[in-house]
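Novice: Build me a structure from this.
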Amino acid sequence: MFDIITFGSATRDILVRPKNLTILKYGQSSGSGADVCLPLGSKIDVDSIEFHTGGGGTNTAATFALQGFKTAFCGMVDGDTSARELLNELKKLKVNTSLVQKTNKKPTNHSIIIFSENQDRTILAYRGASELLEKKDIPFEKLKTKWMYLAPLSGLLLSPAEALAKEGATLFEYIVDFAVKNNIKIALNPGIAQLSLVNFTEISKKIDVLILNQEEASFLTKTPFGDEKEIFKKISEICKSIIVMTRGGEGVMVSDGKNLYSAKPYIERKIVDTTGAGDAFGSGFVSEFIRSQDIEKAIQLGMANSAGALSEVGAKSGLLKKNQEFYKVEVERE
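Specialist: Numbering: from 1, shown residues only. The predicted model follows:
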């Protein structure tokens, strides 16, 4: 029996800092209003290169294991060198990898993360093997656990025949139904693919903890990005679970259906690399919620775990360990 099983992507992250990177400040093609420019047909020297592991499934598994929970990760990788590095790291963290499936149809997921001088980044994402996981690949008879954490499962579908029989149902929905039938609690950090499902509202009623960033919450409720209380009001009408909305540098808001909690990050936190910070918060929050059912403590551990991830390069390097001392942010309750 596991304490928690995580589902999601497993990624090999390649972090590079190019020399003489040009930023076009007048560009409007991105949300930031600035664009990275690389000369076409040229060879670009880089000042540094680092190799790390990432992906929502493995990032969250790392936190749960470091927090002392008996943890397993379920996902899909290739049999390549990157997969071996990923699995070896998980084993060192004491994450059970017996549920990991392998394919030779696509390489393991990779991300090339390009840093600018001010630490802003652009990510080239290859969504490889993780997208090939199907219902038939998962040993459901081995999914004996108290909790499941579902990181974004973009692209994961049942086989064509099963999808037709279930009117296009996704593997995501099947896993949720399996958990409900087996009295397994569910923490969900959905991606846009899941939020876009016609029946997401019905699925969300089965969730125990729903974790969204502000952009996802706005997308789900069709409410302006900055109207936070209206966003929470609408999500609460959809979902009766614990609702978490992360707000980047502005902190987090959490509703338990009775109270609305909010906290801002520690102002003096060190920001080196933002990769995996959202996964660190979500898994840190759920870790403490499982342990104590105390939302204020859960927010504090989530914020501290995220700050740890921000303080070092790589999604897992700065994650907290069980009983590690950390700065506790002030949590307000309405």
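Novice: Would you map the strands across the stretch 151-300 of the chain?
Specialist: Defined through DSSP state E, counting those that start in this stretch, the strands belonging to the stretch 151-300 of the chain, from first to last, are 185-188, 209-213, 242-246, 252-255, 260-263.
Novice: Can you give the distance of the second one from its chain's centre?
Specialist: This points to strand 209-213. Between the mean C-alpha point of strand 209-213 and the mean C-alpha point of its chain there is a distance of 10 Å (CA atoms, centre = their mean, to the nearest Å).
Novice: One more: the first one?
Specialist: For strand 185-188, the distance from its own C-alpha centre to the chain's C-alpha centre is 13 Å (CA atoms, centre = their mean).
Novice: do the same with the fourth one
Specialist: When distances are taken as CA atoms, centre = their mean, strand 252-255 is centred 17 Å away from the chain's centroid.
Novice: What are the contacting residues of that strand?
Specialist: Defining contact as CB atoms under 8 Å, 6 or more residues apart in numbering, one finds that strand 252-255 is touched by 228, 232, 235-236, 242-247, 260-263, 281, 285, 295, 298-299, 302-303. For every residue, glycine as well, the C-beta is placed using N, CA and C.
Novice: Now with 7 Å, please.
Specialist: Contact partners of strand 252-255, identified using CB atoms under 7 Å, 6 or more residues apart in numbering, comprise 228, 232, 236, 242-247, 260-263, 281, 295, 299, 303.
Novice: Taking the residues you listed, please make a ChimeraX selection of just the buried ones.
Specialist: ChimeraX command restricting those to the buried ones, with burial defined by 16 or more other CB atoms under 10 Å:
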select :228,232,242,243,244,245,246,247,260,261,262,263,281,295,299,303
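Novice: Report how many residues lie close to Ile211.
Specialist: Around Ile211 sit 30 other residues, with neighbours defined as other CB atoms under 10 Å.
Novice: how about the strands of the stretch 151-300 of the chain in CSV, adding mean pLDDT and distance to Met148?
Specialist: Putting the strands of the stretch 151-300 of the chain into CSV (pLDDT from 0 to 100; distance: least, CB to CB, whole Å) gives the following:
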stretch, mean pLDDT, distance to Met148
strand 185-188, 96, 5
strand 209-213, 95, 11
strand 242-246, 94, 15
strand 252-255, 93, 20
strand 260-263, 94, 24
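Novice: Please tabulate those strands in a markdown table, including the columns distance to Gly68.
Specialist: A markdown table is the format used below for the strands of the stretch 151-300 of the chain (distance: least, CB to CB, whole Å):
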| stretch | distance to Gly68 |
| --- | --- |
| strand 185-188 | 17 |
| strand 209-213 | 19 |
| strand 242-246 | 21 |
| strand 252-255 | 23 |
| strand 260-263 | 24 |
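Novice: where are the low-confidence patches of the stretch 201-334 of the chain?
Specialist: Across the stretch 201-334 of the chain, no stretch falls below the confidence threshold (pLDDT under 70).
Novice: repeat that for 80
Specialist: Low-confidence regions of the stretch 201-334 of the chain, defined here as pLDDT under 80, cover residues 225-226.
Novice: what ranges do the helices span in the stretch 51-200 of the chain?
Specialist: Shown for the stretch 51-200 of the chain, the helices assigned by DSSP state H, counting those that start in this stretch span residues 56-66, 81-92, 160-165, 171-181, 192-195, 200-204.
Novice: Quick check: which of the ones you listed is nearest to Arg127?
Specialist: Proximity to Arg127 (CB to CB) singles out helix 192-195 among these, at 10.8 Å.
Novice: mind listing what's buried in that closest one?
Specialist: Of the residues in helix 192-195, those buried by neighbour count under the rule 16+ other CB under 10 Å are Gln194.
Novice: Packing partners of that helix?
Specialist: Taking 3 or more CB pairs under 7 Å, 6 or more residues apart in numbering; DSSP states H and E as the contact definition, the neighbouring helices and strands of helix 192-195 are helix 214-221.
Novice: what's next to the helix it packs on, contact-wise?
Specialist: With CB under 7 Å, 6+ apart as the test, helix 214-221 has contacts from 192, 195, 212, 224-225, 231, 234-235, 245-247.
Novice: Now with 8 Å, please.
Specialist: Here helix 214-221 makes contact (CB under 8 Å, 6+ apart) with 190-192, 195, 200, 212, 223-225, 228, 230-231, 234-235, 238, 245-248.
Novice: now the end-to-end length of stretch 144-153.
Specialist: Counting by CA to CA, to the nearest Å, you get 20 Å between the two ends of stretch 144-153.
Novice: I'd like the mean pLDDT over that stretch, please.
Specialist: The pLDDT scores in stretch 144-153 average 93.
Novice: can you check stretch 57-76 too?
Specialist: Averaged over stretch 57-76, pLDDT sits at 97.
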